[in-house]
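Visitor: How does the following fold in three dimensions:
(2 chains)
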There are 2 protein chains.
Amino acid sequence: MDEINSRFFGNASSIHSFGQSAREVVDQARSDIAKVLNSKPSEIIFTSGGSESDNLAIKGVAEGILKQVQSLSSTRSGDDNFKPHIITSEIEHHAVLNTVKELEKERKIEATYIAPGKNGVIKAEDVERAIKPNTILVSIMYVNNEIGTVQPIREIGKLIEKINLQKQEKNKKTHTSYSVLYAPNSSRIFFHTDAVQAPEYFDLNVDYLHVDLLSLSAHKFYGPKGVGILYKRDGVKLKHQIIGGSQEYKLRAGTENVAGIAGMAAALRQVESRKSKVESISNLRDRLMTGLLKISESRINGSIEKRLSNNVNISFKNAEGESILMMLDQAGIAASSGSACTSGSLEPSHVLTAIGVKPEWSHGSIRLTLGKDTTEEEIDKVIEVMPGIIKKLRKMSPLKN
Amino acid sequence: MDEINSRFFGNASSIHSFGQSAREVVDQARSDIAKVLNSKPSEIIFTSGGSESDNLAIKGVAEGILKQVQSLSSTRSGDDNFKPHIITSEIEHHAVLNTVKELEKERKIEATYIAPGKNGVIKAEDVERAIKPNTILVSIMYVNNEIGTVQPIREIGKLIEKINLQKQEKNKKTHTSYSVLYAPNSSRIFFHTDAVQAPEYFDLNVDYLHVDLLSLSAHKFYGPKGVGILYKRDGVKLKHQIIGGSQEYKLRAGTENVAGIAGMAAALRQVESRKSKVESISNLRDRLMTGLLKISESRINGSIEKRLSNNVNISFKNAEGESILMMLDQAGIAASSGSACTSGSLEPSHVLTAIGVKPEWSHGSIRLTLGKDTTEEEIDKVIEVMPGIIKKLRKMSPLKN
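Guide: You can find the predicted model right below:
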């Protein structure tokens, strides 16, 4: 990135050579990323990160359809009372969850929030049951950011594709083009996944997953902060969210973050070459879980099997999560409670609440995440210091008794 | 930035020490930037760049007020037909202009687009005349990005402040609180300026300028691409545009771009220490203008006096702008036509059209911008090669005769 900043400092949208060299850097990154996602380069939209990508996917689809509904109702037959319906889950990242909630509050859409099982996994059948005649979008995260549970994205993707094909057949019979007309039972359902937590361990092939939209954030795979991706399948219409110049196929205005984009592409290429190491990380993770579960009244949150290889989310009954973090930090161990995006909030995690974790457990929950360079010694250090911390905090706890 | 990325790689919203060190970097940058703007640190919102800042300012104010109008109309007396009115100019950057146009098209607001004088400068009186009882926002750029003309921001700011004070007095008499009630003649008018082109040469003191909102983009003052600022005066209510986590006072979700933010603050500090050099740059700029104007049928677009010290926007009648750029590029000179954000478009520049430049002139327009390191030799090289280029192109031109 340093080299990019000093050698390719041009504005990638300028016509002169400095601009065109920067453009080549952006194009190369786009094509490298497209290869990993098994998509066309033109289906990759660069954004400022995962939150922006999620917002663009959800508001983009919903507002794009609402705009079409409005213009249809004034020009030709169509249902001008058509109110789009969005399906998401209770355990989404707030960039998805709060966006859907806000659209619902503004009465632009209807929404259904799927509850996960107690294991933190969404069932594809539950998504199917939630589909209504006016459903336009399903947004289910690939991997949960707090408890690391992996969602059946491919299964849901195939299911939605099946329903779309049935609609298409029916539309043919009734001479309705579902790419133009938004009306109950005829409009296509788009499938978005927030895949921000997935790249390090899971397949990002968008055809394999059967997704139409997919969000990524570079800093979640050792890339730079402040840059991300929205994959958008050809044919999915989005309303732009940042309005201005014609960058990113007119879907996202703003001078391209050339160095950030190149850094992100390099990081994603490295992730691909690192995937073989997954097993050694999950072995370390299991060592950590086993070690910590020896502490009395402790439990792992979320499925053990359907889980990110590097995630431990553990509750210690009647201990206070923030205090655990502070004491771990003094011992040189970085942990978190809930997600960084909501830190400082006193509310219990919406994810733990959704999977039925009671307050006396959820308040004492922390997340430990392993990295590509985590060692056995580091794991053993956590196992060594944790019992003393929990013991001390439980003595102080007002929650006890 | 390299050092930040390797030493302060934590998530600035995390509680652990790695996070808190990153938080300190962000806080320091915020406070350094606030000093330059003469604002409070809490009035600085970090964004992904100028376009996002403009969008957040304009949609933020308009949608924030519309939301309040909606909720008022259901709870207490208020004018539920209140349709906000926004004033902007014909020569704004597209991040402002297209945003206002889209809000207008969606029938959320009314809009007035002030025409500049032939010199490319907006008159404060014209802004005053355009103010209506339902005006909520005026957005006028500080410096035009194509022709470099400087707008009377302070004059407009003082004017709006005067009107707001009159409204406040009137509201007192009628017991109306204009911070709560949106209705004709009682609501406060906010003043936004897109100051993206200004930092290198002009005062950014928000109190001196009397502005409520001000957009900046780091890469326009030798900072990194992909990061920007929206200054928002205390008391100005914005609807967030990127929804999710609670970063940036809940106005802009997304993990903080720590290195980008630090790089931007460093660049802005350097700009402040460089401002004394302005005179030498404008001398060079004048040398360039004088040299180029020796070419027959050439003219400078926009005021010479009220102009950015480093901007030359010149038209050569019956020459084709894109071809001039190509031939300059072959000679190692980087120029642009219109703005980078709209390059590739065949439309004549909306700015040149607005100041009355006829097509046979506007198609042959280019912009040459001087930098902090531009030398006299470089200027003389442009003066030397340009006559041959123009002569050659005029011979080929289908526009001639």
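
Visitor: As a check, name the ranges of all helices in the stretch 201-350 of chain A.
Guide: A:206-209, A:258-274, A:278-292, A:321-330, A:350-354 (DSSP state H, counting those that start in this stretch).

Visitor: Near chain B, which residues of the stretch 101-250 of chain A are found?
Guide: A:102, A:106, A:217, A:219, A:224-227, A:241-247 (Cβ under 8 Å from any Cβ of the partner chain). Any C-beta I mention is one placed from the backbone N, CA and C, and that applies to glycine too.

Visitor: Could you pull up the residues touching the residue nearest in space to the middle of chain A?
Guide: By Cα atoms, centre = their mean, chain A has its centre lying nearest to A:Asp194, at 2.5 Å. Contacts here follow Cβ atoms under 8 Å, 6 or more residues apart in numbering or on different chains; on that basis A:Asp194 touches A:Gly50, A:Ser53, A:Asp54, A:Glu92, A:His93, A:Ala95, A:Val96, A:Ser139, A:Met141, A:Tyr142, A:Ser215.

Visitor: I'd like to know which of the residues of the stretch 101-250 of chain A next to chain B are buried.
Guide: A:102, A:217, A:219, A:224-227, A:241-247 (16 or more other Cβ atoms under 10 Å in any protein chain shown).

Visitor: would a markdown table of these with distance to B:Val121 be doable?
Guide: Output for those, formatted as a markdown table (distance: Cβ to Cβ, whole Å):
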| residue | distance to B:Val121 |
| --- | --- |
| A:Glu102 | 40 |
| A:Ser217 | 43 |
| A:His219 | 43 |
| A:Pro224 | 40 |
| A:Lys225 | 40 |
| A:Gly226 | 36 |
| A:Val227 | 37 |
| A:Gln241 | 32 |
| A:Ile242 | 28 |
| A:Ile243 | 25 |
| A:Gly244 | 23 |
| A:Gly245 | 24 |
| A:Ser246 | 27 |
| A:Gln247 | 29 |
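
Visitor: can those go into JSON lines with extra columns for pLDDT?
Guide: Putting those into JSON lines (pLDDT from 0 to 100) gives the following:
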{"residue": "A:Glu102", "pLDDT": "97"}
{"residue": "A:Ser217", "pLDDT": "98"}
{"residue": "A:His219", "pLDDT": "97"}
{"residue": "A:Pro224", "pLDDT": "96"}
{"residue": "A:Lys225", "pLDDT": "97"}
{"residue": "A:Gly226", "pLDDT": "97"}
{"residue": "A:Val227", "pLDDT": "98"}
{"residue": "A:Gln241", "pLDDT": "97"}
{"residue": "A:Ile242", "pLDDT": "97"}
{"residue": "A:Ile243", "pLDDT": "97"}
{"residue": "A:Gly244", "pLDDT": "95"}
{"residue": "A:Gly245", "pLDDT": "93"}
{"residue": "A:Ser246", "pLDDT": "91"}
{"residue": "A:Gln247", "pLDDT": "94"}
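
Visitor: still on that earlier bit, now the residue nearest to the centre of chain A, nearest residue through space, not along the chain?
Guide: A:Met141 (4.3 Å; Cβ to Cβ, 6 or more residues apart in numbering or on different chains).

Visitor: Quick check: phi and psi on that neighbour?
Guide: Here is the backbone geometry of A:Met141 (degrees, to the nearest 10): phi -70, psi 150.

Visitor: how close does it sit to A:Leu308?
Guide: 12 Å (Cβ to Cβ, to the nearest Å).

Visitor: Which neighbours do these two have in common?
Guide: Joint contacts of A:Met141 and A:Leu308 (Cβ under 8 Å, 6+ apart) are A:Gln197.

Visitor: Would you pull up the residue in the stretch 51-200 of chain A closest to chain B?
Guide: A:Ala95 (3.2 Å; Cβ to the nearest Cβ).

Visitor: Which neighbouring residues are in contact with that residue, exactly?
Guide: A:Gly50, A:Ser51, A:Asp54, A:Asn55, A:Asp194, A:Cys341, B:Ile242, B:Ile243, B:Gly244, B:Gly245, B:Ala253, B:Gly254.

Visitor: Would you reformat the helices of the stretch 201-350 of chain A as TSV and include mean pLDDT and distance to B:Arg367?
Guide: Shown next, in TSV, are the helices of the stretch 201-350 of chain A (pLDDT from 0 to 100; distance: least, Cβ to Cβ, whole Å):
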stretch	mean pLDDT	distance to B:Arg367
helix A:206-209	98	40
helix A:258-274	94	21
helix A:278-292	93	52
helix A:321-330	93	52
helix A:350-354	95	51
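
Visitor: Nearest to B:Lys391 among the ones you listed would be which one?
Guide: helix A:258-274 (35.8 Å; Cβ to Cβ).

Visitor: Show me the two of the residues of the stretch 101-250 of chain A next to chain B that sit farthest apart.
Guide: Every pair of these checked by Cβ to Cβ; the farthest is A:Glu106 and A:Pro224, at 33.5 Å.

Visitor: Which residue, other than its chain neighbours, is closest to A:Pro199?
Guide: A:Phe221 is the one closest to A:Pro199 (Cβ to Cβ, 6+ apart), at 4.4 Å.

Visitor: What is the burial count for the one you found?
Guide: Number of residues near A:Phe221 (other Cβ atoms under 10 Å in any protein chain shown) recorded here: 20.

Visitor: Same question for the one 10 residues further on.
Guide: Residues contacting A:Tyr231 under the criterion other Cβ under 10 Å number 28.

Visitor: List the residues that contact it.
Guide: Here A:Tyr231 is in contact with A:Leu37, A:Ser39, A:Glu43, A:Ile44, A:Ile45, A:Val206, A:Val211, A:Leu213, A:Leu214, A:Ser215, A:Leu216 (Cβ under 8 Å, 6+ apart).
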